[in-house]
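Engineer: Sharing a model prediction with you, sequence too.
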Amino acid sequence: LNRRLAEFGTTIFAEMSALAVRTGAINLGQGFPDTDGPETVSEAAVRAIRDGRGNQYPPGPGIPELREAVSSHQRRFYGLAFDPDTEVLVTAGATEALAATLLALVEPGDEVIALEPYYDSYAAGIALAGGVRVPVTLRPRDGVFRLDLDELRDAVTPRTRLLLLNSPHNPTGMVLSPDELTAIAELAVERDLIVVTDEVYEHLVFDGAHLPLISLPGMRDRTVSISSAGKSFSFTGWKVGWVTASAPLVSAVRSAKQFLTYVSAGPFQYAVAEALHLPDSYFAAFREDLRAKRDLLSAGLTEAGFEVFTPQGTYFITTDITALGERDGVAFCRALPERCGVVAVPNSVFYDDRDAGRSHVRFAFCKRAETLNDAVTRLKRVE
Ligand code: PMP
Ligand code: GLN
């Protein structure tokens, strides 16, 4: 294994899901729903396979139907216009979009600023591209995680190439406010930065609506916006994602993407194209379902003695275990299946400074209500 990858080991999600399978524990670790997305959408994938659509290599940038559907989704929800032929790129999940973007835009030695704790593929993606990771740490304030804009400004140097943002934010559930996004846009313009926005939880904002950074003044040509069908339609196994950006940026990302996977699975692209045209009521019901589950798990974790940082978005809750008399999230998560039959993820693996999130543990609530109730009952018994 080369030096770029040696520090990363096995992802926490694989480790914790394997632990859940081995112990039969309830898996609130890896973020995947325990109920599949709409049947009409899975039927569309089956139909595509049967009808022989997408069974052979689809076009490199993605099938036209899906690029058009992405474009029309961006118009419907955000009033943004993207040319489906030049400004939309279909990828193998948001993960490939992130990797291809970093590989396409980062020169060895360039600095990439990322909000910490960060989704684990960011660090590895930056490393594969030869970039230097510069974390800006989110900290709890009044029960929620927040970004310190001064810290962000101070992190920018002449070597900064990219700013990698994620809002709604995994694992903290933080959602950047319109004022914060405006300040970030001003900074990006002033310092001539490209901003990569990971918006996979765009439909899971519990108060107000998601605001894409690319819609703000000066950002249209310097933002690479990334999203995924896995999260919005509960088909994480399909691995269909996309990039929307200006034509030169999409073209750059495509240059890298074509040598990573070339293309992603054809029939799923037809199905996701249909999913993106689902009525507004689908997206509202999806959000309300998860809001109720957030409230259920937040209340249960609080009763069980965890300090809960209530998420404003995503399907994750970050907690602090100090009040339970625990200090180390990694040890706690490794022992939790034995102690009470639940799997969670230690946030410290999402930090450069492993001490920073040491007592923080993440729980996913994209699960059936009875599963969440069962998990809470077990967590109250944790010895
Ligand atoms: N970004 C974030 C913040 C995530 O939580 C995830 C996990 N779904 C991804 C990217 C990767 O998405 P995908 O499964 O579409 O590759
Ligand atoms: N995004 C999911 C999470 O944060 C997991 C994705 C993965 O397993 N790579 O839990």
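Structural biologist: Here it is on my side, so go on. From a predicted model like this one, the values you see are computed outputs, not experimental measurements. Ligands and ions are numbered 1, 2, ... in the order given.
Engineer: And the average pLDDT for stretch 374-383 is what?
Structural biologist: Along stretch 374-383, the predicted local confidence has a mean pLDDT of 93.
Engineer: Quick one: residues in contact with it.
Structural biologist: 26, 28, 296-297, 300-301, 303-306, 324, 336, 339-342, 363, 367 (C-beta atoms under 8 Å, 6 or more residues apart in numbering). From N, CA and C alone the C-beta is placed, and that goes for glycine too.
Engineer: repeat that for 7 Å
Structural biologist: Judged by C-beta atoms under 7 Å, 6 or more residues apart in numbering, the contacts made with stretch 374-383 from elsewhere in the structure are 26, 28, 297, 300-301, 303-304, 339-342.
Engineer: Just the closest of the residues you listed to ligand 2, please.
Structural biologist: When these are compared for distance to ligand 2 (C-beta to the nearest ligand atom), Leu28 comes out closest, at 10.0 Å.
Engineer: Please name the residues that touch the closest one.
Structural biologist: By C-beta under 7 Å, 6+ apart, Leu28 lies in contact with 342-344, 363-364, 367, 375.
Engineer: domain assignment for this structure?
Structural biologist: Taking automatic domain parsing as the domain assignment, the ranges for the chain are 3-30+281-380, 39-275.
Engineer: The last one close to ligand 2?
Structural biologist: Yes. Contact of domain 39-275 with ligand 2 (C-beta under 6 Å from any ligand atom) involves Asn170.
Engineer: how long is that domain end to end?
Structural biologist: Length of domain 39-275, first residue to last, C-alpha to C-alpha, to the nearest Å: 10 Å.
Engineer: where does the most centrally placed residue in the chain land in three-state SS?
Structural biologist: With distances taken as C-alpha atoms, centre = their mean, the chain has Val200 as the residue nearest its mean C-alpha position (4.8 Å). In the three-state summary, Val200 is assigned as coil, counting by DSSP: H, G, I helix; E, B strand; the rest coil.
Engineer: hey, which helix is longest across the protein?
Structural biologist: When the chain is parsed with DSSP state H, its longest helix is helix 280-303.
Engineer: buried sites along that one?
Structural biologist: Neighbour counts over helix 280-303 (16 or more other C-beta atoms under 10 Å) mark 282-283, 286-287, 290-291, 293-294, 297-298, 300-301 as buried.
Engineer: Quick one: list the elements packing against it.
Structural biologist: The helices and strands touching helix 280-303, judged by 3 or more C-beta pairs under 7 Å, 6 or more residues apart in numbering; DSSP states H and E, are strand 307-309, strand 316-320, helix 369-380.
Engineer: of the ones you listed, which approaches ligand 2 most closely?
Structural biologist: Judged by C-beta to the nearest ligand atom, the one of the helices and strands packed on helix 280-303 that comes nearest to ligand 2 is strand 316-320, at 7.0 Å.
Engineer: Can you list the neighbours in contact with the closest one?
Structural biologist: So strand 316-320 is in contact with 31, 170-173, 294, 297-298, 301, 306-309, 311, 347, 359-365, going by C-beta under 7 Å, 6+ apart.
Engineer: Swap in 8 Å and give it another go.
Structural biologist: Applying C-beta under 8 Å, 6+ apart, the external contacts of strand 316-320 come out as 31, 140, 145, 170-173, 294, 297-298, 301, 306-311, 347, 359-365.
Engineer: now these: which count as buried?
Structural biologist: For those, a burial check counting by 16+ other C-beta under 10 Å picks out 31, 145, 170-173, 294, 297-298, 301, 306-309, 311, 347, 359-365.
Engineer: So for stretch 119-135, what gets flagged as buried?
Structural biologist: By neighbour count on 16+ other C-beta under 10 Å, the buried set for stretch 119-135 is 119-129, 131-135.
Engineer: do the same with stretch 376-383
Structural biologist: 376, 378-379, 382.
Engineer: Relative to the whole chain's centre, how far out is it?
Structural biologist: For stretch 376-383, the distance from its own C-alpha centre to the chain's C-alpha centre is 28 Å (C-alpha atoms, centre = their mean, to the nearest Å).
Engineer: again with stretch 310-329
Structural biologist: Taking C-alpha atoms, centre = their mean, one finds stretch 310-329 lying 18 Å from the centre of the chain it belongs to.
Engineer: Now the residue nearest to Thr137 when sequence neighbours are not counted: phi and psi?
Structural biologist: Nearest in space to Thr137, with sequence neighbours left out and distances taken as C-beta to C-beta, 6 or more residues apart in numbering, is Glu116 at 4.7 Å. Dihedral angles phi and psi of Glu116 (degrees, to the nearest 10) take the values phi -110, psi 140.
Engineer: can I assume Glu116 is in contact with Arg139?
Structural biologist: No. In terms of C-beta atoms under 8 Å, Glu116 does not count as a neighbour of Arg139; the distance is 9.9 Å.
Engineer: Among these two, which residue is more densely surrounded?
Structural biologist: The residue with more neighbours, out of Glu116 and Arg139 and counting by other C-beta atoms under 10 Å, is Glu116; that gives 22 against 12.
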